[in-house]
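*Asks:* Need a 3D model of the following:
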Amino acid sequence: MLTWPHPATDWGPHLDDVYPIFAAIGSAIAAGELLLSVCRSATHAATVGQWLRQGGAPADRLRFCIADSNDTWARDHGPLTTLVDNTPVLNDFGFNGWGGKFDAELDAAITGRLRSAGVFADTEVQRRPLVLEGGALETDGAGTLLATRSSVVTPTRNPGHSTQDVEGLLGAWLGIDRFLWLDHGDLSGDDTDGHIDTLARFVDPQTIVYATAPPGDPDYDELVAMAEQLHGLRDRAGNPYRLLPLPFPGVHRAAEGRRLPATYANFLIVNHAVLLPIYHVDQDEQAIDLLQAVFPDRRIVPIDCRAILEQNGSLHCLTMQLPAPLALRSSQEFIAA
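*Replies:* Okay, here's the model as predicted:
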């Protein structure tokens, strides 16, 4: 799932720069699975479809739906899917613009709009009374959650909820039975309060890759403290995790000089490949080699995400996966057409 930028979003003046990147991401996804594109209007969808087809996306794998949006971060406003007896359930959590920092009313309504438009067919959608962004959660697929407390258990998102309260709810709704909380990892330029998908990711239930910074960098102390916490964690069998440091992608700044939160941890795993954000630096090759070593059965697809970084996010942040058992289709407007 991709929610595409349009002139009314912050991307408006930069659409010529970011559409090719969205098209590269979407085409890479559609090479092996269905792609749902959320567009503002039918005219917008026609433009998006043209970009995707020019990028080589097979037309029979493209699905479209009309829903207006504030922004493009589908990872945080999209549904979180659980499988119960191989039957998908879509969990629609609240989204308030990362603790009220930005307007998010349209984004928060997208999953409901998609449901009403018939995109999910008869798949069950459960509205969950908790503010939670997908980028704040990292799971091993076997019941273990890795997250920063600062992006989940906060008064700007879930006032009155303790860590224990949140664990109880996520255990009931998502099947999580092990919670690994980090208290460090704040990246310069990040406005999500420390989303885990920019910091540390499972590549299998025993292995975690994590972001690093060199001595002297403003993020060095935070990331060293995070690494120390990671070294203290244990897997379900009681063993230390295999920890692999990701290269430092260098310092990247916006035109006005503010630092941007570049990270190689923001990769996307799809059925046939791993899509890796790169930043046109020498360290890109190191990151490609590392991920190829830990994902030997998948192709590594590097995508230059420097223009995406200008809005403080990267590749994984733009996407939300939907599992194969879900009967995904275009909304009624496109079915009728």
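*Asks:* which residues are contacting stretch 97-114?
*Replies:* 3, 36, 38, 65-71, 73, 76-79, 90, 92, 94-96, 120, 125, 127, 133, 154, 156-157, 191-193, 331 (C-beta atoms under 8 Å, 6 or more residues apart in numbering). Backbone N, C-alpha and C define where each C-beta goes, glycine included.
*Asks:* Pull the number of nearby residues for Ala67.
*Replies:* Around Ala67 there are 21 other residues, counting by other C-beta atoms under 10 Å.
*Asks:* Wait, it touches Val38, no?
*Replies:* Yes: here Ala67 lies in contact with Val38, judged by C-beta atoms under 8 Å, at a distance of 5.3 Å.
*Asks:* who touches both of the two?
*Replies:* The contact sets of Ala67 and Val38 overlap at 3, 110, 114 (C-beta under 8 Å, 6+ apart).
*Asks:* These in strands, which ones?
*Replies:* Among the shared contacts of Ala67 and Val38, DSSP state E puts Thr3 in strands.
*Asks:* Out of the shared contacts of Ala67 and Val38, give me the one that has the most neighbours.
*Replies:* Thr3 (29 neighbours).
*Asks:* correct me, but that one touches Val38?
*Replies:* Yes: contact status for Thr3 versus Val38: in contact at 4.3 Å, counting by C-beta under 8 Å.
*Asks:* Need the overlap of contacts for the two.
*Replies:* Counting by C-beta under 8 Å, 6+ apart, the contacts common to Thr3 and Val38 are 67, 69, 74, 110.
*Asks:* Would you mind giving the residues you listed as TSV with distance to Gly141 and pLDDT added?
*Replies:* Formatted as TSV, these follow (distance: C-beta to C-beta, whole Å; pLDDT from 0 to 100):
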residue	distance to Gly141	pLDDT
Ala67	29	96
Ser69	29	98
Ala74	20	98
Ile110	25	98
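*Asks:* Keep only those of these that are in helices.
*Replies:* The helices, defined by DSSP state H, take in 74, 110 from those.
*Asks:* Quick check: the two most widely separated of the shared contacts of Thr3 and Val38?
*Replies:* Ala67 and Ala74 (11.0 Å; C-beta to C-beta).
*Asks:* Now do the shared contacts for these two.
*Replies:* Both Ala67 and Ala74 are contacted by 3, 38, under the criterion C-beta under 8 Å, 6+ apart.
*Asks:* In terms of pLDDT, where does the closest residue to Arg306 other than its chain neighbours sit?
*Replies:* Among residues not flanking Arg306 along the chain, Tyr279 sits closest, at 5.6 Å (C-beta to C-beta, 6 or more residues apart in numbering). Confidence at Tyr279, expressed as pLDDT, is 98.
*Asks:* ok, what's across the strand from Leu276?
*Replies:* Legend: beta-bridge partners of Leu276 under DSSP bridges are Pro302.
*Asks:* sorry, back to before: any chance of the shared contacts of Ala67 and Val38 in JSON lines, plus distance to Ala211?
*Replies:* JSON lines is the format used below for those (distance: C-beta to C-beta, whole Å):
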{"residue": "Thr3", "distance to Ala211": "25"}
{"residue": "Ile110", "distance to Ala211": "29"}
{"residue": "Leu114", "distance to Ala211": "32"}
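*Asks:* Which one of the shared contacts of Ala67 and Val38 is nearest to Leu199?
*Replies:* Thr3 (23.0 Å).
*Asks:* Show the contacting residues for the closest one.
*Replies:* Going by C-beta under 8 Å, 6+ apart, Thr3 touches 38, 67, 69, 71-74, 77-78, 107, 110, 318.
*Asks:* Backbone dihedrals for the residue nearest to Asp219 when sequence neighbours are not counted, please?
*Replies:* Distances taken as C-beta to C-beta, 6+ apart put Ala213 closest to Asp219, at 4.2 Å, once the chain neighbours are dropped. Torsion angles at Ala213 (phi, psi; degrees, to the nearest 10) stand at phi -150, psi 150.
*Asks:* Quick check: Ala213 touching Leu246?
*Replies:* No: between Ala213 and Leu246 there is no contact under C-beta under 8 Å: 10.4 Å.
*Asks:* all helices for the stretch 1-150 of the chain, in order.
*Replies:* 15-30, 42-54, 74-77, 97-100, 105-108, 110-116 (DSSP state H, counting those that start in this stretch).
*Asks:* Show me the one of those helices that comes nearest Asp197.
*Replies:* Closest approach to Asp197 among these is made by helix 74-77 (6.9 Å; C-beta to C-beta).
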